[in-house]
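1. could you look at this predicted model? Sequence included:
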Amino acid sequence: MSRILIVDDEKAIRKTLTEILSFEGYTIEEAPDGEEALKCFKEKTYDVVLCDIKMPKLDGLDFLQKATEHNPDVPIIMISGHGTIETAVEAVKKGAYDFIQKPPDLNRLLITIRNAKERNNLVTETKTLKRRVTKVQEMIGESAPIHRIKETIEKVAPTEARILITGENGVGKELVARWVHEKSSRASGPLVEVNCAAIPSELIESELFGHEKGSFTSAIKQRIGKFEQANGGTLFLDEIGDMSLSAQAKVLRALQEGKITRVGGDKEISVDVRVIAATNKDLLKEVEAKNFRLDLYHRLGVILIHVPSLNERKDDIPLLVNRFLQDICADYGVAKKAIDPDAIKLLQEYNWTGNIRELRNVVERLVILSGKSITKDDVTSYVLPK
Ligand SMILES: Nc1ncnc2c1ncn2[C@@H]1O[C@H](COP(=O)(O)OP(=O)(O)OP(=O)(O)O)[C@@H](O)[C@H]1O
């Protein structure tokens, strides 16, 4: 059902519009001024907004500007009185979808709303399509551990279960998270990633939960945090083992209650987010060392997925090498180089760090330095330590 926000300081106009539009099957919410409207706009999602121009506190044009800054995709239709037609035209130039005149003509009102909604649907569809085109990278591997991981993803993705992914750096934890999101019912929603280790501990709370203007020295503007950005989708908390204890307490609350509070704010904001966390640390050891909360560990780790390092799935090395060869040669605009089977065998025997990026770099080095095809000697000269 489509949701419409009606913003007008005249109660009678709101009442009339609400009656007409509810009768047409729309869900209606009302706001008596721009400020109140902006609050609603930031907290909820609407399909269309109908907004008066002259209003106390925040007028229609200011509301338009602030609302489109927050979310440019929601069509806003201005309602103009006799003296405000010029302003309404200006509003359309500034991004309003259209305007209707007071008193509203019923047919024109309904047609404008229907068209606005259709445009909105198109915008959403295009976004979904774009996301599908830039599709998630294939997870390469036929080894037993990769099979098990793929099977687990198929089973758990459609559920809402929280997932904790463990494994060394660069083994493919993020790729697992992307596939879970892609195969879940949240796929058309956002996937938001936070690398908890890369953010200084004094900023992590504001990064995750947002902040109100002036809540600390550098908070010059209000900011929406990652939890809010991920609303309706998935939040991927990478390197969760590096999160400060005070941020952990807040994340725990967000998971328990489905609500967050911005730093420096007092309002509770509901969020609908599925959390997937990843770490290269042994979290239970971190619990023992009092660096990680046990209750948070239990909240996060309903499903545990361990991604093994390359050395534990050497069977996958030939497939990975071939795929990297293909991708790298395509990037360089050259024909795919051949690689001798005994060169691949040597790569398979190599003692890799867990990081798949290391293997990719090695293949890139071989593509650049070797002749027409990659030989065992190339591997000995360019890869293996002397
Ligand atoms: N099975 C796989 N098939 C193909 N590429 C893979 C596979 N696993 C990982 N990769 C690639 O290896 C790189 C590292 O993977 P990813 O970023 O998912 O690892 P990570 O464990 O999340 O790393 P970090 O610990 O650094 O966050 C990426 O470019 C990823 O696309």
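-> Done, it's in. The structure displayed is predicted, hence computed values, not measured ones.

2. please count neighbours and contacts with C-alpha atoms only from this point.
-> Fine.

3. so which bits of the stretch 151-300 of the chain are right by the ligand?
-> Residues of the stretch 151-300 of the chain lying close to the ligand by Cα under 6 Å from any ligand atom are 169, 170, 171, 172, 173, 174, 175.

4. oh sorry, the question was meant for the stretch 1-150 of the chain
-> 139, 140, 141.

5. how about the residues you listed in a markdown table, adding secondary structure, distance to residue 70 and neighbour count?
-> Formatted as a markdown table, those follow (DSSP: H, G, I helix; E, B strand; the rest coil; distance: Cα to Cα, whole Å; neighbours: other Cα atoms under 10 Å):
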| residue | secondary structure | distance to residue 70 | neighbour count |
| --- | --- | --- | --- |
| 139 | coil | 35 | 14 |
| 140 | coil | 39 | 13 |
| 141 | coil | 42 | 18 |
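
6. of the residues you listed, which is the nearest to residue 182?
-> The nearest member of these to residue 182, counting by Cα to Cα, is residue 139 at 12.6 Å.

7. count the residues that sit near residue 29.
-> 16 (other Cα atoms under 10 Å).

8. please apply the same query to residue 347.
-> Applying other Cα under 10 Å, we find 23 residues neighbouring residue 347.

9. who's in contact with residue 73?
-> 120, 123 (Cα atoms under 8 Å, 6 or more residues apart in numbering).

10. from the ligand, how far off is it?
-> The gap separating residue 73 from the ligand is 31 Å, by Cα to the nearest ligand atom, to the nearest Å.

11. helix, strand, or coil at that residue?
-> Here residue 73 is coil, with the state taken from DSSP: H, G, I helix; E, B strand; the rest coil.

12. can you check the pLDDT for it?
-> The per-residue pLDDT reported for residue 73 equals 86.

13. ditto for the one 5 residues further on
-> Looking at residue 78, its pLDDT is 94.

14. likewise residue 4?
-> At residue 4, pLDDT is 95.

15. residue 217 now?
-> Looking at residue 217, its pLDDT reads 66.

16. ditto for the one 4 residues further on
-> We note a pLDDT of 74 for residue 221 in this prediction.

17. could you report the neighbour count for it?
-> 11.

18. what of the one 3 residues further on?
-> The burial count assigned to residue 224 is 18, neighbours taken as other Cα under 10 Å.
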